[in-house]
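J.: 3D, please:
(chains A and B)
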2 protein chains.
Amino acid sequence: MSRCRVTFLPDNRTLEVEEGLDLLRVAAMAGIELKSSCGGEGTCGRCAVAIKEGRALVGQGNLSRKNREAGYVLACRTLVQGDLVVEIPAASRMAEHQVLLEKIEKKEILAEVEKDPLEKYGLEPFSRKLTVELTEPTIYENASDLSRLVLGLQALTGTEGITISLAAARTLPEVLRQGNWQVTVTMVEQDGRGEIIQVEPGRATKPSYGLAIDIGTTTVVVLLVDTSTGLTIDRAGTHNKQFRFGDDVITRIIYATEESGGQQELQRAVLDTINELVDRLLVKNGLTPGDVHSVVTAGNTTMAHLFLGIWPGYIRLEPYIPAAAVFPVVRGKDLGLHVHPEALVLTYPAVASYVGGDIVSGALVVDIANSEELTLFIDIGTNGEMVLGNKDLLVSAACSAGPAFEGGGISCGMRATPGAIQRLEIDPRLEVKLDTIGGEKPMGICGTGLVDSLAKLREAGVIDRTGKFQPGLDGARRREGNDGPEFVLSWSQESGIGKDVVITEADVKNVIRAKGAIFAGIRSLLQTVEMPVEAIERIYIAGGFGNFLNLRDTVEIGMLPDVPAERYSFVGNTSVKGARVALLSQRAFREALELARKMTYLELSLGTTFMDEFTLALFLPHTDLELFPSVQK
Amino acid sequence: MSRCRVTFLPDNRTLEVEEGLDLLRVAAMAGIELKSSCGGEGTCGRCAVAIKEGRALVGQGNLSRKNREAGYVLACRTLVQGDLVVEIPAASRMAEHQVLLEKIEKKEILAEVEKDPLEKYGLEPFSRKLTVELTEPTIYENASDLSRLVLGLQALTGTEGITISLAAARTLPEVLRQGNWQVTVTMVEQDGRGEIIQVEPGRATKPSYGLAIDIGTTTVVVLLVDTSTGLTIDRAGTHNKQFRFGDDVITRIIYATEESGGQQELQRAVLDTINELVDRLLVKNGLTPGDVHSVVTAGNTTMAHLFLGIWPGYIRLEPYIPAAAVFPVVRGKDLGLHVHPEALVLTYPAVASYVGGDIVSGALVVDIANSEELTLFIDIGTNGEMVLGNKDLLVSAACSAGPAFEGGGISCGMRATPGAIQRLEIDPRLEVKLDTIGGEKPMGICGTGLVDSLAKLREAGVIDRTGKFQPGLDGARRREGNDGPEFVLSWSQESGIGKDVVITEADVKNVIRAKGAIFAGIRSLLQTVEMPVEAIERIYIAGGFGNFLNLRDTVEIGMLPDVPAERYSFVGNTSVKGARVALLSQRAFREALELARKMTYLELSLGTTFMDEFTLALFLPHTDLELFPSVQK
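T.: You can find the predicted model right below:
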């Protein structure tokens, strides 16, 4: 194989690679992340790039005619054949999530449920530092260094049977004498057993730090926590680098299981994502990896498998069996995390293949297992995962909403990044007022924008209750496009992408199917507990998407139950919040294990209930208008 | 630094090394082990080699005139300066221990205490294999693979809270399906907690194997054990490669703590020793490292520290504090042992710096802690370690006998390897009949030969009760040598070393000091329990040296108590026997921990008791003849 030099513009980044690699992968190797919902299958059409110089083998793929005419090729279908210069248009590039994250954080502070769930459990972290003063040995009192230390710790903590890591034992004699028999011990604890993993001479100046990590399919968020006070010192987030292997968990499982080395690549990607965030937090706060002694992650079942490097293949094959739902507790060194080698790394337990640790984490945060009220907890993303119940009973389910709410499968869909239309108004003359994320020029429509679009198009009479574009409204914005009827939200001259931003009838139908799946899921859960919609006394909406939702819109299109608004709470990223609580309270983690066992999993593909409910929900708001009394009015 | 080629003859082994290295080290790098009692300090004079070609920098050292005249240099004092050809005489080369070991084993089978101590504890090994049949999951019964397996194991074993190693979890989904839901699990257990470390499809053909290892200062012995039956499948032994860093633990601690990288070299040496034995056993028995899942080692406190890579420096400095007496349980991978990466590696607990896990192991084997009779357990080597007591009280001590019994500091001393004089008779005309190990030509005298020599020289009237050579006996064998009076045991023409094998007056005094230390230690222990010598109802002699001892000799020279011979038992290598018992019984290992705590350590350097007793014991058999009534007769 000969080596080829590939230069990416405008970054002007050059690297040497083997002939035959595709440009999507080469870009990733150069640290440039391209959009790719399909995982490099050539079907999503998002990784368009332009070859400026050199020879490449361009394969077939789903590239829009416009892009093709503009000279673009799909990076994932284009193989390096010699030295190349490749230009990457802004539209093909992954946006930096930082901005979004800060917004989410701001919103979270304002969210209703802001009582720290840790208060319930009390501070009992998985790692802590303890300073002990020991008496110096003599020839008459000649216990070993380790016995002396263990007895001292036992007196201080009441913990029996404390052990020591080999690495810490190796340094013990020198450290004890250096500290003149006063030392600070870092201890990790698990099931009432303590293990010394570090010994420092004298009184340590730094506490033991921990990381609470939400491993989302799309976004990874890391909190740096002082385990001695429970305070979150800093936070960082970015998109999950697994993105280039596909948008959703199914695409990623396929990549992991069908490409040679795929599973390793996916694990590497998420570990790199986490390590970059950790490095950023450590540098910013003057810390080193050795200062971090405990980690709790929460993520969906597939993310947990990929993070730990456990084979995820059977998650997507009937009968949908995960390799594990309770995961091995491992050490930092086992995964190559940028933390202390002996740091405990705990993974939130899952319920089933499609109700994962992120949902258990959220359920713990909203304390649904101790609620007197019938409560619905729901996290809306590609999958709508939900838990319904109270202190007596808990039932959970996942319905596939498809990628619509994350901008997938929508002609001008995009993620909730700067330039995404998130709110709009349509006046009777069909004139449109837009609100975009970051106030930037419109580049596409994100999930919240789509929900709002449906509500507003319906109000304006552009679409009917089935989502069909109404005749007799033809005008400048309501027009026939290449793919049938469409509505122009932003004209090319005002948009940030040099073309019109539209929503098509097919898009509308897609969103109706997505919202229908969510509502059908909720109704299916209600049927198992034999309760009507109005019996739900409390609804918690979790996740980044939830944060931006206009509640009225979601009820109007029939996605969420039509109950009084005061029963709703937006609770933000409960996955990372629950990870933090478990990091700081061993009792909370034990309760999470219990909770995961208690949450009965309802497989929606069984029986006809879900499909029946889904069919009924393919109307705006619903076939049965009585379910949406406030909309009926 | 320039590179030099060094060739060793007669091996004809060549390697390239950096200029400036000493030949002792270079020989070790070439896999050739030279004798070296002093650890390369230039004082023992055993590593003599001849430079046949090339340039070397020859330093000063304790080389006999004869050797110097014969053109030899000390390998440890000779630095490589260019390409070299070096010849290694047979006398400077470490002997292969295999033969000795086989002899020991043979003798052990004949030993008195041959009831398997395991019978008391029952088989409850640290690693075992379990075959489980699981029901196939369905969409209705969709527990994760791991939950399914853990529940199946729980039903089979009653063990709750079974966990899994990350590596085993990674393979679990494929193995379960490959085995069509029948799998064999390898589980390691500790404190009632089980951990799955391996999963194989179907019913495994091989059991879980374990290793019982005696890490002696001189010799390392490994037993390969089938943990499912408790049977010892095979055994292997060889000298501890740490030999080249010095004969005894003190020299090795000095090397470990004062040479840069010394501790690592010593750890490497003992791990290499073990791994070579393990490889030999595995190959011979058609096994692989992955078949071995548990390891228990027993060795003295210094050996345990060096094996685990724990700083041993304070063991030799007052107040003689070991870093640990109870050692961390580690995994095969932590040390690079040639076993399963997740194999449990347990180290026998020690009592103090000079009463180690080998003694605790022996005490467990002879069951001293449950004895009704006042019992003495004694292991004689460079140190004489002893435990005295019964079910009510246990007291232990170590006295430094010096290297005499291992051939150190004796003009023609050698280890108990082929050619060593082990028995002799001296007739009234001072004619000598010799018995050597392996029936080979006499090359020197080993410990048992020295004990016998003293007894026989005293009987023949060659020496008096103080060890002084008597005047008026001059003849061919009794003569004045370069270092004073000496007695010729073997003439050069009959010996295997081309010179006379002699025992000098200085040698005799050395042996008297060594035996005196042992007896003084025993008397010191007796004083703490306020008992006379004759109250000892049982004496167990452990160790390879013990095996060859002529009991009558030892009593006659006043080394061991003059009690009826039937109270004595030679129990062989109790260190490895106890390691085997603990390997096969978790309860036995727990009892060993308890035993180590119970064995009060008597520091002989405190007070005057030991020194007083030592002075009294510097006679043959003793100053107080009443202590040796049978000798007095």
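J.: Do any residues in stretch A:152-165 lie close to chain B?
T.: Yes - using Cβ under 8 Å from any Cβ of the partner chain, stretch A:152-165 reaches chain B at A:161, A:163-165. Placement of C-beta: from N, CA and C, glycine included.
J.: Please save the CA atoms from that stretch in PDB.
T.: C-alpha atoms of stretch A:152-165 as PDB (Å, rounded to 0.1, in the frame of the first residue of the first chain):
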ATOM      1  CA  GLY A 152      -5.400   3.600  62.700                       C
ATOM      2  CA  LEU A 153      -7.900   3.800  59.900                       C
ATOM      3  CA  GLN A 154     -10.200   1.300  61.600                       C
ATOM      4  CA  ALA A 155     -10.200   3.400  64.700                       C
ATOM      5  CA  LEU A 156     -11.000   6.500  62.700                       C
ATOM      6  CA  THR A 157     -13.700   5.100  60.400                       C
ATOM      7  CA  GLY A 158     -15.000   1.900  62.100                       C
ATOM      8  CA  THR A 159     -14.500   0.100  58.800                       C
ATOM      9  CA  GLU A 160     -13.100  -3.400  59.200                       C
ATOM     10  CA  GLY A 161     -11.000  -5.400  56.900                       C
ATOM     11  CA  ILE A 162      -9.500  -2.500  55.000                       C
ATOM     12  CA  THR A 163      -7.200  -3.700  52.200                       C
ATOM     13  CA  ILE A 164      -4.500  -1.900  50.100                       C
ATOM     14  CA  SER A 165      -3.700  -1.900  46.500                       C
END
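J.: buried set for it?
T.: Going by neighbour count (16 or more other Cβ atoms under 10 Å in any protein chain shown), the buried part of stretch A:152-165 is A:152-153, A:157, A:162-165.
J.: which one of those residues is nearest residue A:389?
T.: Residue A:389 lies nearest to residue A:157 out of those, by Cβ to Cβ, at 37.4 Å.
J.: element containing the nearest residue to that closest one once chain neighbours are set aside, please.
T.: Nearest residue to residue A:157, sequence neighbours excluded (Cβ to Cβ, 6 or more residues apart in numbering or on different chains): residue A:130, at 6.7 Å. Secondary structure from DSSP states H and E places residue A:130 in strand A:127-133.
J.: which strands and helices sit next to the very next helix or strand once past that strand?
T.: Next helix or strand after strand A:127-133 toward the C-terminus (DSSP H and E): helix A:145-157. Where contact means 3 or more Cβ pairs under 8 Å, 6 or more residues apart in numbering or on different chains; DSSP states H and E, helix A:145-157 is packed against strand A:127-133, strand A:163-164, helix A:166-178, strand A:182-190, strand A:193-201.
J.: Would you mark the buried spots in the third one?
T.: It refers to helix A:166-178. A:166-177.
J.: As a markdown table, those with pLDDT would be great.
T.: Converted to a markdown table, the buried residues of helix A:166-178 look like this (pLDDT from 0 to 100):
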| residue | pLDDT |
| --- | --- |
| A:166 | 97 |
| A:167 | 97 |
| A:168 | 97 |
| A:169 | 97 |
| A:170 | 96 |
| A:171 | 95 |
| A:172 | 97 |
| A:173 | 97 |
| A:174 | 96 |
| A:175 | 97 |
| A:176 | 98 |
| A:177 | 97 |
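J.: Mind exporting the C-alpha coordinates of stretch A:385-398 to PDB?
T.: This file holds the C-alpha atoms of stretch A:385-398, laid out as PDB (Å, rounded to 0.1, in the frame of the first residue of the first chain):
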ATOM      1  CA  GLU A 385     -37.800   6.100  27.200                       C
ATOM      2  CA  MET A 386     -40.400   6.400  30.000                       C
ATOM      3  CA  VAL A 387     -41.100   5.200  33.500                       C
ATOM      4  CA  LEU A 388     -44.600   5.300  34.900                       C
ATOM      5  CA  GLY A 389     -45.500   4.500  38.500                       C
ATOM      6  CA  ASN A 390     -45.200   5.400  42.100                       C
ATOM      7  CA  LYS A 391     -43.900   3.800  45.300                       C
ATOM      8  CA  ASP A 392     -46.000   0.700  44.700                       C
ATOM      9  CA  LEU A 393     -45.300  -0.100  41.100                       C
ATOM     10  CA  LEU A 394     -42.900   0.900  38.400                       C
ATOM     11  CA  VAL A 395     -43.200   0.100  34.700                       C
ATOM     12  CA  SER A 396     -40.900   1.200  32.000                       C
ATOM     13  CA  ALA A 397     -40.800   1.200  28.200                       C
ATOM     14  CA  ALA A 398     -39.000   2.500  25.200                       C
END
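J.: Say whether chain B is contacted by it.
T.: No - Stretch A:385-398 lies apart from chain B when judged by Cβ under 8 Å from any Cβ; the minimum separation is 12.6 Å.
J.: centre of the chain versus that stretch, how much separation?
T.: Here stretch A:385-398 is found 21 Å from its chain centre; the criterion is Cα atoms, centre = their mean, to the nearest Å.
J.: Report the rounded mean pLDDT for it.
T.: Confidence for stretch A:385-398, expressed as mean pLDDT, is 97.
J.: Pull the contacting residues for residue A:505.
T.: A:463, A:467-469, A:484-486 (Cβ atoms under 8 Å, 6 or more residues apart in numbering or on different chains).
J.: mind running it again at 10 Å?
T.: A:462-463, A:467-469, A:481, A:483-487 (Cβ atoms under 10 Å, 6 or more residues apart in numbering or on different chains).
J.: tally of neighbours for residue A:259?
T.: 15 (other Cβ atoms under 10 Å in any protein chain shown).
J.: re the thing from before, for the buried residues of stretch A:152-165, could you give me a markdown table that also reports pLDDT?
T.: Shown next, in a markdown table, are the buried residues of stretch A:152-165 (pLDDT from 0 to 100):
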| residue | pLDDT |
| --- | --- |
| A:152 | 96 |
| A:153 | 96 |
| A:157 | 91 |
| A:162 | 96 |
| A:163 | 96 |
| A:164 | 97 |
| A:165 | 97 |
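J.: If we only consider these, which is nearest to chain B?
T.: For the buried residues of stretch A:152-165, the residue nearest chain B by Cβ to the nearest Cβ is residue A:164; the value is 5.5 Å.
J.: if I read this right, the closest one contacts residue A:188, doesn't it?
T.: No - counting by Cβ atoms under 10 Å, residue A:164 stays clear of residue A:188, with 11.0 Å between them.
J.: which residues do these two both contact?
T.: Contacts common to residue A:164 and residue A:188, judged by Cβ under 10 Å, 6+ apart, are A:194-198.
J.: can you map out the helices along the stretch 451-600 of chain A?
T.: With DSSP state H, counting those that start in this stretch as the criterion, the stretch 451-600 of chain A has helices at A:505-528, A:543-548, A:551-556, A:574-584, A:586-598.
J.: how about those helices in CSV, adding mean pLDDT?
T.: CSV is the format used below for those (pLDDT from 0 to 100):
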stretch, mean pLDDT
helix A:505-528, 96
helix A:543-548, 73
helix A:551-556, 93
helix A:574-584, 96
helix A:586-598, 97
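J.: Just confirm residue A:576 contacts residue A:223, I think it does.
T.: Yes - between residue A:576 and residue A:223 a contact is recorded at 6.0 Å, counting by Cβ under 10 Å.
J.: Now do the shared contacts for those two.
T.: Common neighbours of residue A:576 and residue A:223 (Cβ under 10 Å, 6+ apart) are A:212-214, A:232, A:235, A:237, A:296.
J.: Among these, which pair sits farthest apart?
T.: The span of those, defined through Cβ to Cβ, is set by A:237 and A:296 at 16.1 Å.
J.: Which of those two has more residues huddled nearby?
T.: More neighbours surround residue A:296 than the other of residue A:237 and residue A:296, with 30 against 25 (other Cβ under 10 Å).
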